[in-house]
Every structure is written in C-alpha cells, then in structure tokens.
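Participant: pasted the sequence and its predicted model underneath.
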Amino acid sequence: MSRSMFDDIDAAPSGLMEAADSRTLRLSAHPLTPAELDGLFRYQEAFLAHMEQASVAHEAFAQAHQLGLQASGLEVKVVELGNALLRAYSGQRWTARKVRTRLAELEKQTDDVSAEKARKARDELHRLEDLETLARRYGQEAIDLLNQHEDRLVSLHTRMQKALTRP
C-alpha cells in the first residue's frame, strides 16, 4: 500500500487521479443524515407540486424553490449539497434501470448484432451498478441510506427531469 495517495500516480494516471479527486471531494462532502434526507424528500415534493401544475409562469422555478425550502426545514446549503448527491445517485440508478430493460429486450433476440449490443449493455450495466465512485465521493453511509430509498428517489428523479425539461 502506498504511503500517500500520490506515491503511485504514474501507475495508471487517469484512475488514480480520479480516485484522488474523489477522496479530496469526500473531505468537503456534507454527511447526509436520515433527517436531512426526509427534508430533501419534502423539498422535492413541494418543488414538484408547484412545477407540475398545468400552467406555470417564468418565475415558477424560483417560487417552487422557495416553497421547497420552506417545506424542507433545511438551510439552503444543505438542500443544494443534498440535491447534488440525490441527482448523482438517482441519475445513475435510473440509467442502470434503463440499460437493464434494454438488455432484457436484446437478450430475447438471437441475431449477432443483438448479441453484440447485449454484451456492450452488460458491460455498461456492470459499470453503472458499481456505486464505489459515489461512495468515495459522498461516503458509504450516505449511499447505504440512499439504497434504502432507491425506488422513491428514482421516481422523484424522473418527475424532476420532466418538470425541469418541459417547454
């Protein structure tokens, strides 16, 4: 084992630098507590309740953010740091689900092109299922907490993406 995270930097530069960056970022990460996660759920639900209304004006985003903050009971910094974690985790889990669905479709087909696509999808799914990078960045405790609420987080993520990308 190296004495320092920089001792063997020439061995595999991209991987080691990525790991070193993750460890550095981990030092600045806000530790997520169950109470804060509940507040983030309240924030997102209140935000979405406003944004998903049939007609929202241009100032809707700011108003939805304010309503979410009030519902959460959290400080702005905690909400912003928490939402960054939720976006990273939920986005990765959402993508893994999509790739898993596509893989199941490909595995039902018997042609060579589909078999090659299925192989690539398996490789990608393996990469997406690995939450080590997120754990290095945000802490294993935070990822374990989020894993307990994966379905709800992915559902909120999907709704948030729709609300934020609609015309």
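Facilitator: Structure received.
Participant: what residues sit buried inside the host helix or strand of residue 151?
Facilitator: Applying DSSP states H and E as the criterion places residue 151 in helix 150-165. Buried residues in helix 150-165, counted by 16 or more other C-beta atoms under 10 Å: 153-154, 156-157, 159-160, 163. For the C-beta atoms, the positions are set from N, CA and C on the backbone; glycine is no exception.
Participant: let me see the contact set for the residue nearest to residue 163 when sequence neighbours are not counted.
Facilitator: Closest residue in space to residue 163, ignoring its immediate chain neighbours: residue 51 at 4.1 Å, by C-beta to C-beta, 6 or more residues apart in numbering. Residues near residue 51 by C-beta atoms under 8 Å, 6 or more residues apart in numbering: 60-61, 64, 163-164.
Participant: taking helix 150-165 as reference, get the angle to the longest helix anywhere in the chain.
Facilitator: For the chain, the helix with the greatest residue count under DSSP state H is helix 76-107. Following axes from the mean of the first three to the mean of the last three C-alpha atoms, to 10 degrees, one obtains 100 degrees for the angle between helix 76-107 and helix 150-165.
Participant: which neighbouring elements make contact with helix 76-107?
Facilitator: In this structure, helix 76-107 packs against helix 34-51, helix 60-72, helix 112-129, helix 132-138, helix 140-147, helix 150-165, with contacts taken as 3 or more C-beta pairs under 8 Å, 6 or more residues apart in numbering; DSSP states H and E.
Participant: average pLDDT across the fourth one?
Facilitator: It refers to helix 132-138. Mean per-residue pLDDT for helix 132-138: 92.
Participant: now do it: which elements does it pack against?
Facilitator: Using 3+ C-beta pairs under 8 Å, 6+ apart: helix 132-138 touches helix 13-28, helix 76-107, helix 140-147.
Participant: can you lay out the ones you listed as a markdown table showing distance to residue 37 and mean neighbour count?
Facilitator: Shown next, in a markdown table, are the helices and strands packed on helix 132-138 (distance: least, C-beta to C-beta, whole Å; neighbours: other C-beta atoms under 10 Å):
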| stretch | distance to residue 37 | mean neighbour count |
| --- | --- | --- |
| helix 13-28 | 18 | 12 |
| helix 76-107 | 7 | 17 |
| helix 140-147 | 6 | 16 |
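Participant: between those helices, which gets nearest to residue 124?
Facilitator: Among those, helix 76-107 comes nearest to residue 124, with 5.5 Å by C-beta to C-beta.
Participant: how far does the closest one sit from its chain's centre?
Facilitator: 4 Å (C-alpha atoms, centre = their mean, to the nearest Å).
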